[in-house]
Structure formats: C-alpha cells, structure tokens
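K.L.:
Compute the structure for the input listed below.
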Amino acid sequence: MIVHKDTIVGYGITFEAAPPNRQCLFVARFDSNGTFIDRRLICDSLGGAYTMAINWSEIVATADDGYALTASAFNRHDGLFVKLRSDLSVEFIREYRDTISFVEFYDAVIELSDGYLLGGYVQTPNYLLRSFLRKVDKQGLTVWFSYYGEYNVTDLFSDYYQISDSIVVFVGGYIKNENLLSGRGPWVAFINPFDGEVLKEWRPNNYPLEIILHFIHPLPDNKWLLYGKKALQVDPLKVSPFWAIADSAFNILDMRLFGPGADVTNFLWDFAPTPDGNFIAAGEIHAFNPNTEPAQVYGWLYKVSPGLDSLWSRQMIPPITGSKGGYLGGVGVLSSGNMVAGGYAPLGNSVYGWLVKFTPDGCVDTILCNTVPVWEAEELELREPPARVYPNPTAGRFFVELAEGSGPVLVQVLTPDGRVVLEQAIAGSQWLDIIGAPSGLYFCQITDAARVRLVAKLVLER
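P.N.:
This is a model prediction of the structure:
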C-alpha cells in the first residue's frame, strides 16, 4: 500500500469471478477516508497465474501520475515489471526470462530520469539466494543487468534509499553459514544506477553483531537511521528487531532492541518519515499464546524518533468477524498529517484487505485513544558473561576481569568492519594489549564456553 497525493493505492492478488478464474494482480484506489474509487485486474494473457507477496513485490507512484509495480509469473518463475497509466490501464508488462536460476523475484522499483532500476534476487542452481539489479528504459527494456554479493553466500538487498538520480543506497545482509551466528552480517552498497558500479560498500566479515538490515534513511550530520533484526541464537533461530544510528562509515553509534521479545514473531514491513520529524512503521506481531488470544496475528503500528526513542506502539485486529488476524504491510502520510496503513487478513479460504486511518499519536478512535505503552529498550546483549573490560578509553593495554570460576573465555578485538585485531583465549583475569593498532573505535567480544557473549565498545587513544 502507498499514499500518492492523498489517494490510497492498494496492491495485491485476486481471482477472476468467472471462468477460467485466473489468479491476477489487483490494484485498487481509495480516497483519504477509505472510500473506494476504482480498481484494475491484471491477468496473464498466456493463461497462467500472476502473483506477488509483501516481501518481494513493490508498487510506486511515477512522475506521470501512473504506477510501476513488480510481480511474478508463477508458473514460469519469471519476474514481471508492470507500468500502469494514471487511470490504472496497463501501459506495458515486461517479463524477464531466466533460464539458469530457479526463480527470479523483484522487490524494488526506482524511477530514474531515463528509466527504472529494478532490484531483486534469484535462487541460483546451488539453492542459495543472490541479489541483482536490472536497469531498464522507460519502456521496460533491459539496459544492463548485474549480480551483487557472492555466489556461494545467501545475500539479499532488503530495502533502498534514493539519494539522487546517480546514487542509490541498498541495505540487506548476508548469511555465510546458517548454522553459525558468526556467519551472518549486514550489507550496505552505494550504487550508480546508470552503470551498476558499486561506489561504496560496507559488508564486514566476522561482524560482532549478527544483524540483517531492512530499512535505511538519512539523518542530519551524515548519520543514518537503520532498522533490522538481530539474531540471538541459531537453533531454533530467534531474532529481535532493532533501531540503530550509524555514522557515515556505518559505525554503530547507538542501537536498541525493542518489541515483545525473541519468543514472539514480529516484523515491521514498511516505513515512512512523518511531518513531525519522526518515523512511522507498520507490520505484524504474532500472538503470545494463539490458544488464548483472540487473534493469532495482530497488525502493528510503531512510531520512533530519530534519537531512537520509542514514541508509541499499537496492536490491531482486522475488523472482520472470524478472522485470525492479519498484518499491516504498508503505511503512508496524508496531507492532513494523519496517517493510513493497509494490509492483509485471511478468513477461511478468502482474503480481505483492510485499511486503518490514525492520528500522529496513534489514535484511531480519537475519543478513546488506546495505544499501548512501548516496550522499554533492552540492552544490546540480553545476557552477558561475568566480565569487565577497563580502562576504556585505553592507550593500548586493557584488563579483562573475569568473575571467579567463569573462565575460560575467548577474547576478540575487532575493527568496525569485522577485521580481527586480537584473538586470545584466557583462563582468568588478564592484561591484554593492542598497542600496535591504530587509534579509533573497536569492539571487544568475549565468548564463554556456553557461547554467551559480551560485546563492548573499546576506544583506543594515544
């Protein structure tokens, strides 16, 4: 769902009412009060099924007041690019064949002065996922195509921010080994859309924080607001969402975990800056106990400040009797300052779209506003081994103090890009040194036999 000039535009799939009952793409428009305006079904002329999903499709408004969207030809496993005119009629549909990879999905559409930049990923013959970009002209014809990342690594671009017509920054992450926390890490790439050249990249190996990025937005003073998920353990995989502030070199300056906890599935799908200088996000939270709660999935609205203060949080059940809940997959801001979110709610074999309009304070009912208190931000590491590191800042020598009986531990000092400066196993409290390392910020990571970690910032000053 997007908001364009106070028109709410919803995008999904549906089936034809009459034979052959093809599965088609579906675009519908509503005014700022949710009143239906018009709709368009987009069906496969070859008789197959068109499909889309919240995590690998996108719709954007274009400069000519039309729309551009991505989807997939389900039976042929090919990616689609669809351009609609301002009246929702189809201007063109381009299907991009891939005879090597198993599937090809597109999760980004960026309008440029001379065409579009399409981002996505494929499942390669080794069954791993790999990111790519495709530059097309205004008619959807390919200008260039390029893979990014490594063939033997699962890597994805999750989101982007267009800085200018010549620079787009993509964020995501990589997974080198699904069985190890240390095999996961963040990925940021600044790319020139005209030729696909990587202008700058941050893809640290052995990064001390196992995080994947899903949102990026610039802040004043050359800083960035980041949203993502941090893996807490591998088997079973538990993750927690976080907000972070990074500097221009993507050193993490502040980072806060939030949400109901690692045992509750939760995710934010869409984000937008708000007129008051904050950020609104929409997503989903699964029930703490599906056997006792009225809905298994709640729509989730969350507002955060650029300083990472959680302003308010709201869980909502779709207003559909008998529904087991549903997520909110899109959010946008109206000219009035109010906001709207939209999403998906299943009921039996049917699926319903739902919209919610709310104030900047998160109120749907302005007489009885029942937003819930936000969760207190948690420490970056939920559990810490009994250890202290001091002095900090240090001139090169520092003391690792372990509680009695807590050794042995592995001490690693890493640069912000994941390069190991020091790695040493110690059985008890001990002085260590990084005297030969350049001055600057480091991470000191201490891991005990139970794989419990302490990650602390360590500043080296001469």
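
K.L.:
Tell me the pLDDT of L382.
P.N.:
L382 carries a pLDDT value of 36.

K.L.:
Same question for T366.
P.N.:
With respect to pLDDT, T366 has a value of 59.

K.L.:
Over to F258?
P.N.:
The predicted local confidence for F258 is 87.

K.L.:
burial measure for it, as a count.
P.N.:
Neighbours of F258 under the rule other C-beta atoms under 10 Å: 20. Placement of C-beta: from N, CA and C, glycine included.

K.L.:
do I100 as well
P.N.:
Using other C-beta under 10 Å, I100 has 8 other residues around it.

K.L.:
Kindly provide the whole-number mean pLDDT of stretch 282-296.
P.N.:
Taken as a whole, stretch 282-296 has a mean pLDDT of 86.

K.L.:
any low-confidence regions in the protein?
P.N.:
Along the chain, segments meeting pLDDT under 70 span 365-386, 417-418, 449-454.

K.L.:
how far away is L334 from G342?
P.N.:
L334 sits 13 Å away from G342, going by C-beta to C-beta, to the nearest Å.

K.L.:
Likewise for G119?
P.N.:
23 Å.

K.L.:
give me phi/psi at G120?
P.N.:
With angles defined as degrees, to the nearest 10, G120 sits at phi -170, psi -160.

K.L.:
separation between it and R40?
P.N.:
Here the criterion is C-beta to C-beta. By it, G120 lies 23 Å from R40.

K.L.:
ditto for F190
P.N.:
Distance of F190 to R40, given as C-beta to C-beta: 36 Å.

K.L.:
So what touches stretch 227-236?
P.N.:
Contact with stretch 227-236 is made by 171, 173, 178-181, 184, 186, 209-215, 237-244, 257, 262, 267-268, 271, 281, 382, as judged by C-beta atoms under 8 Å, 6 or more residues apart in numbering.

K.L.:
what sits up against stretch 113-120?
P.N.:
Under C-beta under 8 Å, 6+ apart, the answer for stretch 113-120 is 56, 68, 70, 79, 81, 104-110, 131-138, 140, 143, 157, 160, 165, 168, 170, 193.

K.L.:
Just the buried residues from those residues, in PyMOL please.
P.N.:
Buried residues within those, by 16 or more other C-beta atoms under 10 Å, are selected in PyMOL with:
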select buried, resi 56+68+70+79+81+104+105+106+107+108+109+110+131+132+133+134+135+136+138+140+143+157+160+168+170+193
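
K.L.:
is it true that W224 lies in a helix?
P.N.:
No. The assignment for W224, made by DSSP: H, G, I helix; E, B strand; the rest coil, is strand rather than a helix.

K.L.:
Any idea what it is bridged to?
P.N.:
For W224, the beta-bridge partners under DSSP bridges are P218, A246.

K.L.:
Touching, it and H217? I think so.
P.N.:
Yes. In this structure W224 lies within contact range of H217 using C-beta atoms under 8 Å: 7.0 Å.

K.L.:
Name the residue in these two with the higher neighbour count.
P.N.:
W224 (20 against 16).
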